[in-house]
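Engineer: Could you look at this predicted model? Sequence included:
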Amino acid sequence: LRDSDASEVAPPEQKELEELIQQLKEIGAHVMQLRLFSPNEELEDISTTDLKYLMVPYMLAEVVAASRDMEKRLESLRQALVFWRAFA
C-alpha cells in the first residue's frame, strides 16, 4: 500500500462545484451592484485591491466547465464559454 501524498487532491464532487458556482455568481452580482469597474476605465485606474474581482468570470467559467454532470455537460460548456468571453 502506498501512503497518501498530500499533493494528491481528489477532484471536487458535483455538489461542491454547484456550491462554488453559486458563491461565485453571488460575488459577481455584488461586483456589478457595487460598480467596481466601468467600461471606460483603464487598467491603471482600477484599485489594486479590486483587481482580484476581474478574475470572477474566469473562475466561474473554469468551475462551470469542470461540471461532472454528464447530462448537463453541453449546457455547462456553453455557459462556461459565456463566462470566458466576459473575462476576455
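Structural biologist: On my side now, so go ahead.
Engineer: Just the strands from this protein, written as ranges.
Structural biologist: Ranges of strands in the chain, per DSSP state E: none exist.
Engineer: so what does the longest helix along it touch, helix or strand wise?
Structural biologist: In terms of residue count, the longest helix belonging to the chain (DSSP state H) is helix 14-34. Here helix 14-34 touches helix 56-65, going by 3 or more CB pairs under 8 Å, 6 or more residues apart in numbering; DSSP states H and E. C-beta: built from backbone N, CA, C; applies to glycine.
Engineer: Going by neighbour count, which residues in the helix it packs on are buried?
Structural biologist: By 16 or more other CB atoms under 10 Å, the buried positions in helix 56-65 come out as 56-57, 59-65.
Engineer: and the angle for it with helix 14-34?
Structural biologist: Orientation check (axes from the mean of the first three to the mean of the last three CA atoms, to 10 degrees): helix 56-65 against helix 14-34 gives 160 degrees.
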